[in-house]
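*Asks:* sequence first, then the predicted structure:
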Amino acid sequence: MIRTFFYLVAGLLLGLVIHLVVILTLPSLASNNVATKLSALGQVNRTVVLDDVARGADNPLRLDPEVAYAVCRLDLTNAPGELAGTLPLAYWSVAVYDRSGTVLYSATNRDGIGQTLDIGVFDPAQTRLLAEQKIDVAEGLLIVESRGDEVYVVVRLAPAHQVMRERYKEQLAKLGCRNIKL
Amino acid sequence: MRFLLNLVLMLTVALALGFGLSWYALTDGRLFGAAQIGPWTAWTRAGSPNPDPYTRAYLARNGALQLGQSEGVQFFATNDSDGAPLNRTCRYRIDGLTPTATFWTLVPTTPDGAAIAKSDGPAGFESNRISRAGDGSIQLYIGKSLSPLNWLEIGGDGPFWLVLTLYDTTVFSGAGTDKDTMPSIITEGC
């Protein structure tokens, strides 16, 4: 009986180990993460306005149907990237995601950046060169440091009324998504 | 023989506990990183640059485009305030105050995230486009039968979720937090 009890305790301990292994390895094993879904949208260095969420249709990214989205995929291997442009006078926000879907940086236009969006993303080596003043960037560029070279910048824009939606999406499509020339 | 039985018992307990606890942690999550306020659940660190391991695993499993910490917080409800699962055959009233936010949206979806409102109207409620009581509280109706005030007609059958997204909100900010101010979900009839 006591031996069975020890096996039971060993089972509980092994179960906790399995649990920890599942939790810690899931992020690196998951094929369903945000980056996989966003990378399927299109090429690098181009602003992609996401389609509206149709009623009853799949919504794998779980987008808010009331909000318009633009995605800019940047490859920082050879140069830092930027997303720049002017947005309508409405609520908008910007978030920078890494490969794992972790939000590296986010801000809204209530943080005082008004209608102009000008965000630069630098990897650690480029940030170091920037600190050493070996890279020149435009004044006012909002600098975000990324841990890796593959990043996704997502802009959310909330039209006050749905009739404005198409016009706002056109404005989102005009955002410049590119590498910064060194 | 006894050794084999003990071994089978040990492995059964280990597998059930290991995978069962992981499944629970990443779905309900209340004990592991998700905050529960009444029927509403939110993964408060989902938009953080350094999420904890449970939140990181949740993000990988969920695959959703999470809001950043500065952008807002998303809550979801799978049950009403009495704990009964939300079902499209019933009519629900969402009643009360919401935390301070620039604006919020409330969208009924399938568990997979597909919007279930009828296609000839809005997909959900938007805080700037609803009528409110004098004290700022809301009364929203969701269901198939015609309802007063703010009504969103839904279609189909089966379970559904309510997704409440607060944009630019002070909830969970710590200072002057109003996280206890969340609306109730009341079943009015099925």
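*Replies:* Perfect, I can see it now. Numbers count the residues shown, from 1 in each chain, chains lettered A, B, ... in the order given.
*Asks:* may I have the helix or strand bottoming out on mean pLDDT in chain A as CSV, with CA atoms only?
*Replies:* Between all helices and strands in chain A, the lowest mean by mean pLDDT, DSSP states H and E belongs to helix A:34-39, at a mean of 82. Presented in CSV, the C-alpha positions along helix A:34-39 are these (Å, rounded to 0.1, in the frame of the first residue of the first chain):
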residue,chain,number,x,y,z
VAL,A,34,0.5,35.7,-34.7
ALA,A,35,3.7,35.9,-36.8
THR,A,36,2.7,32.9,-38.9
LYS,A,37,-0.6,34.4,-39.6
LEU,A,38,0.7,37.9,-40.4
SER,A,39,3.6,36.6,-42.6
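*Asks:* and the helix of greatest length in chain A, is it in reach of chain B?
*Replies:* Ranked by residue count, the top helix of chain A under DSSP state H comes out as helix A:2-29. Yes: using CB under 8 Å from any CB of the partner chain, helix A:2-29 reaches chain B at A:3-4, A:7-8, A:10-12, A:14-19, A:21-24, A:26-27, A:29. Yep, even glycine has a C-beta here, placed from its N, CA and C like the rest.
*Asks:* one step back: near chain B at all, the next helix or strand after the least confident helix or strand of chain A?
*Replies:* Next helix or strand after helix A:34-39 toward the C-terminus (DSSP states H and E): strand A:47-49. No: for strand A:47-49 and chain B, the contact criterion (CB under 8 Å from any CB) is not met; the two come no nearer than 12.9 Å.
*Asks:* centroid-nearest residue for chain B?
*Replies:* In chain B, the centroid-proximal residue (CA atoms, centre = their mean) is residue B:76; its distance is 0.8 Å.
*Asks:* from residue A:45, how far off is that residue?
*Replies:* Computed with CB to CB, to the nearest Å, the distance linking residue B:76 and residue A:45 is 34 Å.
*Asks:* residues near residue 41, how many?
*Replies:* Looking at chain A here, since you left the chain open. Using other CB atoms under 10 Å in any protein chain shown, residue A:41 has 15 neighbouring residues.
*Asks:* that's the wrong chain, I wanted chain B
*Replies:* 21.
*Asks:* are we agreed that it is in a strand?
*Replies:* Yes: counting by DSSP: H, G, I helix; E, B strand; the rest coil, one finds residue B:41 located in a strand.
*Asks:* residue contacts, it?
*Replies:* B:28, B:29, B:30, B:34, B:35, B:75, B:76, B:77, B:78 (CB atoms under 8 Å, 6 or more residues apart in numbering or on different chains).
*Asks:* report pLDDT for it.
*Replies:* Here the pLDDT value assigned to residue B:41 is 91.
*Asks:* what is it paired to in the beta sheet?
*Replies:* residue B:36, residue B:76 (DSSP bridges).
*Asks:* ok, it to chain A distance?
*Replies:* For residue B:41, the distance to chain A equals 14 Å [CB to the nearest CB, to the nearest Å].
*Asks:* if we can go back for a sec, packing partners of the longest helix of chain A?
*Replies:* helix B:2-27, helix B:53-62 (3 or more CB pairs under 8 Å, 6 or more residues apart in numbering or on different chains; DSSP states H and E).
*Asks:* quick one: the first one to chain centroid distance?
*Replies:* In terms of CA atoms, centre = their mean, to the nearest Å, the centre of helix B:2-27 is found 29 Å from the chain centre.
*Asks:* what sits against the spatially most central residue of chain A?
*Replies:* Closest to where the C-alpha atoms of chain A average out (CA atoms, centre = their mean) is residue A:97, at 2.6 Å. If a contact means CB under 8 Å, 6+ apart, then residue A:97 has A:34, A:35, A:38, A:103, A:104, A:151, A:152, A:153, A:154, B:65 as its contacts.
*Asks:* circling back: just the buried ones from the residues of helix A:2-29 next to chain B?
*Replies:* Taking 16 or more other CB atoms under 10 Å in any protein chain shown as the criterion, what is buried in these is A:7, A:10, A:11, A:14, A:15, A:18, A:19, A:22, A:23, A:26, A:27.
*Asks:* where does the residue lying farthest from the centre of chain B land on pLDDT?
*Replies:* Residue farthest from the centre of chain B, counting by CA atoms, centre = their mean, is residue B:1 at 49.0 Å. Looking at residue B:1, its pLDDT is 79.
*Asks:* list the contacts for it?
*Replies:* Going by CB under 8 Å, 6+ apart, the list of residues near residue B:1 is empty.
*Asks:* now it: how far from residue B:7?
*Replies:* 11 Å.
*Asks:* what of residue B:104?
*Replies:* With CB to CB as the criterion, residue B:104 and residue B:7 are 54 Å apart.
*Asks:* got the domain boundaries for chain B?
*Replies:* Each domain of chain B is listed here as a residue range: B:1-32, B:33-189, per automatic domain parsing.
*Asks:* out of those, name the one with the poorest average pLDDT.
*Replies:* Of all these, domain B:1-32 has the smallest average pLDDT, which comes to a mean of 86.
*Asks:* hmm, back to that, the inter-axis angle of the longest helix of chain A versus helix B:2-27?
*Replies:* 40 degrees (axes from the mean of the first three to the mean of the last three CA atoms, to 10 degrees).
*Asks:* tell me the mean pLDDT over helix A:2-29?
*Replies:* 90.
*Asks:* from the chain's centre, how far out does that helix sit?
*Replies:* 34 Å.
*Asks:* check stretch A:118-125 too.
*Replies:* That offset, for stretch A:118-125, works out to 13 Å (CA atoms, centre = their mean).
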